[in-house]
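Q: all I have is the shape, not the residue letters:
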């Protein structure tokens, strides 16, 4: 008896293997390609996670502005400018403030101008480059932060105090991962700088 073996199907040009580019990896070090093999449920979970983060961001903005910062006549972007200046312990330019807040420079301009008008920040000379304005926290700005702190602490403790510390740490890791990988995601998907995470500030 003669054995007949099927010949392998010819490889057409479009079926030829293409070199794989090094892709993004998630928090576990898995490549995006590998994660795609997990099935649609994995991506549905990703979509729900991003959507939950967006909803949580909206809720946090609304509640903290109404119950904390708004009571002091501030918006959330204005408060963040004051907080970033205090943390820096030195004057910062608008570009430096924007980078630390993960927004574009234009998103900080309105908050900065209103704080300047209120006397909560001041412009200081820039000895290295006179074209670049540097911004410093004033004593009035320091007092504003001190006045806001008790209400902010009370709200956060009531809101998250009953959540186990392990769950808070896990949530923090996820959110920090999203922020940390934003530049790489932006480059991968060829988004312009104007589509960065500053949208949450310009909406206020």
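A: Sure, I can see it. Remember, predicted model here, so these are calculated numbers, not experimental data.

Q: list the contacts of stretch 122-142.
A: 81-82, 85-86, 90-95, 97, 112, 115-116, 118-121 (C-beta atoms under 8 Å, 6 or more residues apart in numbering). Backbone N, C-alpha and C define where each C-beta goes, glycine included.

Q: weed out the non-buried ones from those.
A: Those of the contacts of stretch 122-142 that meet the buried threshold are 81-82, 85, 91-94, 97, 112, 115, 120-121, by 16 or more other C-beta atoms under 10 Å.

Q: for the chain, which segments count as helices?
A: 32-36, 40-64, 76-88, 94-101, 105-118, 139-160, 165-180, 182-188, 199-202 (DSSP state H).

Q: mind putting those in JSON lines, distance to residue 125 and mean pLDDT included?
A: Below are the helices of the chain laid out as JSON lines (distance: least, C-beta to C-beta, whole Å; pLDDT from 0 to 100):
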{"stretch": "helix 32-36", "distance to residue 125": "48", "mean pLDDT": "49"}
{"stretch": "helix 40-64", "distance to residue 125": "34", "mean pLDDT": "85"}
{"stretch": "helix 76-88", "distance to residue 125": "16", "mean pLDDT": "91"}
{"stretch": "helix 94-101", "distance to residue 125": "15", "mean pLDDT": "87"}
{"stretch": "helix 105-118", "distance to residue 125": "15", "mean pLDDT": "87"}
{"stretch": "helix 139-160", "distance to residue 125": "18", "mean pLDDT": "92"}
{"stretch": "helix 165-180", "distance to residue 125": "33", "mean pLDDT": "89"}
{"stretch": "helix 182-188", "distance to residue 125": "32", "mean pLDDT": "80"}
{"stretch": "helix 199-202", "distance to residue 125": "28", "mean pLDDT": "51"}
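
Q: any idea how many residues pack against residue 144?
A: 23 (other C-beta atoms under 10 Å).

Q: typo on my end, residue 111
A: Using other C-beta under 10 Å: residue 111 sits among 25 other residues.

Q: go on, residue 157?
A: Other residues close to residue 157 by other C-beta under 10 Å number 10.
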